[in-house]
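Peer 1: Fold the following, please.
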Amino acid sequence: MIAAIYARATALAALILALAGCAHGFVAPLPPVDPARAAELVVVRASGFFGCGRNLVITLDGRDLFALGCGEHIRLVVAAGERIVGVVHHPWFVRDESTTAVAVEPHQRYFLRVTANAMNDVFINRIAPEVGERLVTETKSAER
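Peer 2: Numbers count the residues shown, from 1 in each chain. Purely as a prediction, here's the structure:
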């Protein structure tokens, strides 16, 4: 009896892990933006050894927005003002979100990079425009 319960629990956990991160692309629409006050956030997730087994959801101002895969980038047109950009991950099966604040000015472009480490920690940080431009050329656009 215990063995059957254990086997079912293990199968369920494997199924959840297999399906986690399967979403790709927009999971919610971007809010409308006045072009006169618009700016661009470019979120880049370069390919790497750690964390590439699943897509990660990018958040904007606390809302799930886009599921981004390894080796991809996404350009988001946003309104000027302080934007909180995040990346969702699930350490120990609990939803967590790493965030960074960006003071967005109209008609400017800002680059952010998503990284992961061997401890299943996920980070999102602003990067220099030169580094961001280079990473965009090394990744593919996730917009379809």
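Peer 1: CA atoms for contacts and neighbours, from now on please.
Peer 2: OK.
Peer 1: What's the end-to-end length of stretch 64-78?
Peer 2: Start-to-end span of stretch 64-78 (CA to CA, to the nearest Å) is 14 Å.
Peer 1: give the contact list for residue 37.
Peer 2: Contacts were defined as CA atoms under 8 Å, 6 or more residues apart in numbering; by that measure residue 37 touches 79-80, 105-107.
Peer 1: Could I get the phi/psi values of it?
Peer 2: Backbone torsions of residue 37, given as degrees, to the nearest 10, read phi -120, psi 20.
Peer 1: pLDDT weak spots in this protein?
Peer 2: Within the chain, the stretches with pLDDT under 70 are 1-23, 144.
Peer 1: rerun that using 80 as the cut-off
Peer 2: Applying pLDDT under 80 to the chain picks out residues 1-25, 48-51, 53, 91-92, 118-120, 144.
Peer 1: Out of the contacts of residue 37, which sit inside strands?
Peer 2: Taking DSSP state E as the definition of strands, the contacts of residue 37 contribute residue 79.
Peer 1: In ChimeraX, how would I select the buried members of the contacts of residue 37?
Peer 2: Of these, the buried ones go into a single ChimeraX selection, burial set by 16 or more other CA atoms under 10 Å:
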select :79,80,105,106
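Peer 1: residue ranges of the strands in the chain, please?
Peer 2: Here the chain has its strands, by DSSP E, at 25-26, 38-45, 56-60, 63-68, 72-79, 81-89, 96-104, 109-116, 122-127, 140-141.
Peer 1: List the strands paired with the last one, with their directions.
Peer 2: So the one you mean is strand 140-141. strand 72-79 (parallel) (DSSP bridges).
Peer 1: and residue 32, which of the strands of the chain is closest to it?
Peer 2: Residue 32 lies closest to strand 72-79 among the strands of the chain, at 8.2 Å (CA to CA).
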